[in-house]
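Engineer: Give me a 3D structure for the following:
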Amino acid sequence: MTDLARISALSDAEIAAAVADDPDAAPLDIDWARAEVVVPARKVAVSIRLDADILDYFKDGGGGYQSRINAVLRSYVRACTAGET
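Structural biologist: Residues are numbered from 1 along each chain as shown. Alright, predicted model coming up:
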């Protein structure tokens with residue numbers, strides 16, 4: 001459980017020292033100057049028949065199961081077309 005009173009009482013210097021001592025808090029050196037907005041391709045609604053256990057597996061992972069199915073299919077397509085030129 002978080003001790004909010006203790007955290008609220010920390011000074012800026014104490015916070016900076018804690019961050020400096022944390023190896024997972026390395027500063028990110030990212031140059032966003034050439035960043036581009038990538039709009040995902042529009043998805044098409046289709047109706048497919050899946051085995052019940054396959055659909056249950058993806059649904060058991062929670063929301064976004066259709067996106068996970070799409071990701072698996074995309075991975076399969078990339079693997080199948082990797083050798084093509």
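Engineer: and R68, how many neighbours?
Structural biologist: 15 (other C-beta atoms under 10 Å). (Each C-beta comes from the backbone N, C-alpha and C, glycine too.)
Engineer: In the lengthiest helix in the chain, which residues are buried?
Structural biologist: Across the chain, the longest stretch assigned as helix under DSSP state H is helix 65-81. For helix 65-81, burial by neighbour count (16 or more other C-beta atoms under 10 Å) applies to I69.
Engineer: Dump it to CSV, restricted to CA.
Structural biologist: Below are the C-alpha coordinates for helix 65-81, written out as CSV (Å, rounded to 0.1, in the frame of the first residue of the first chain):
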residue,chain,number,x,y,z
TYR,A,65,-9.6,-10.0,-28.2
GLN,A,66,-10.4,-9.1,-31.8
SER,A,67,-7.3,-7.0,-32.1
ARG,A,68,-5.2,-9.9,-30.7
ILE,A,69,-6.7,-12.3,-33.3
ASN,A,70,-5.8,-9.7,-35.9
ALA,A,71,-2.2,-9.5,-34.6
VAL,A,72,-1.8,-13.3,-34.7
LEU,A,73,-3.1,-13.3,-38.3
ARG,A,74,-0.8,-10.4,-39.2
SER,A,75,2.1,-12.3,-37.7
TYR,A,76,1.2,-15.4,-39.7
VAL,A,77,1.0,-13.4,-43.0
ARG,A,78,4.4,-11.8,-42.3
ALA,A,79,5.9,-15.2,-41.6
CYS,A,80,4.4,-16.6,-44.8
THR,A,81,5.5,-13.7,-47.0
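Engineer: Need the mean per-residue confidence for it.
Structural biologist: Helix 65-81 comes out with an average pLDDT of 95.
Engineer: Could you do stretch 2-13 as well?
Structural biologist: Here the average pLDDT along stretch 2-13 is 89.
Engineer: swap in stretch 47-62?
Structural biologist: 97.
Engineer: That'll do, ta.
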